[in-house]
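Asks: Just need the structure, nothing else, for what follows:
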Amino acid sequence: MGLWALTGSWCAANLTDGFVPEVVALRYGTARQAEKLVTAGLWEPTVRDGEPGWVFHDWFTYQPTREDVEHKRFLATQRQAKARAVRDDKSRSAGSVTRDTGVSHSVSHAAPDPTRYTYSP
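Replies: Below is the predicted model:
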């Protein structure tokens, strides 16, 4: 199950649509463990772009497709760009007033008050 969980996380992070290349599976586990996952019905052997490996059974039942993830990321990028543009427009229209107006950024280097600290042996 460790091989199944590690490679599942790898597939999700790399947007492989559930495909586990043989080299990745053997980095996290053994060929015997991979065959056990096939026997259990959790993986199906396959070849993708000439590369041998396995694919998770029913990946799309539980995980979004690469296309869906990339589309959501694109929409989020557009939404964030719009929010930033609105924020920037508001700050420009406010003139030269900023939230830090009147704030002193100086540092006081006064010696500490010795009466505030007591030493108890």
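Asks: Does the host helix or strand of residue 81 pack against any helices or strands, and if so which?
Replies: Following DSSP states H and E, the helix or strand that holds residue 81 is helix 66-93. With contacts taken as 3 or more Cβ pairs under 8 Å, 6 or more residues apart in numbering; DSSP states H and E, helix 66-93 sits against no other helix or strand. C-betas here are computed from N, CA, C, even on glycine.
Asks: if I look at the closest residue to residue 29 other than its chain neighbours, how far off is residue 48?
Replies: Spatially, and ignoring its direct neighbours in sequence, residue 29 is nearest to residue 3 (3.4 Å; Cβ to Cβ, 6 or more residues apart in numbering). Residue 3 sits 19 Å away from residue 48, going by Cβ to Cβ, to the nearest Å.
Asks: Please apply the same query to residue 111.
Replies: Noted for residue 111: a distance of 70 Å to residue 48, by Cβ to Cβ.
Asks: Between those two, which has more neighbouring residues?
Replies: Between residue 111 and residue 48, residue 48 has the larger neighbour count (other Cβ atoms under 10 Å), namely 14 against 5.
Asks: Contacts only, for the nearest residue to that one once chain neighbours are set aside.
Replies: Distances taken as Cβ to Cβ, 6+ apart put residue 19 closest to residue 48, at 5.2 Å, once the chain neighbours are dropped. With contact taken as Cβ atoms under 8 Å, 6 or more residues apart in numbering, residue 19 is in contact with 11, 46, 48, 53-55.
Asks: Could you rerun that using 10 Å?
Replies: Going by Cβ atoms under 10 Å, 6 or more residues apart in numbering, residue 19 touches 7, 11, 46-49, 51, 53-56, 59.
Asks: Same question for residue 55.
Replies: 11, 16-20, 43-46, 48.
Asks: So residue 50 versus residue 43, what's the distance?
Replies: Taken as Cβ to Cβ, the span from residue 50 to residue 43 is 19 Å.
Asks: Kindly report the same for residue 76.
Replies: Applying Cβ to Cβ to residue 76 and residue 43 gives a distance of 32 Å.
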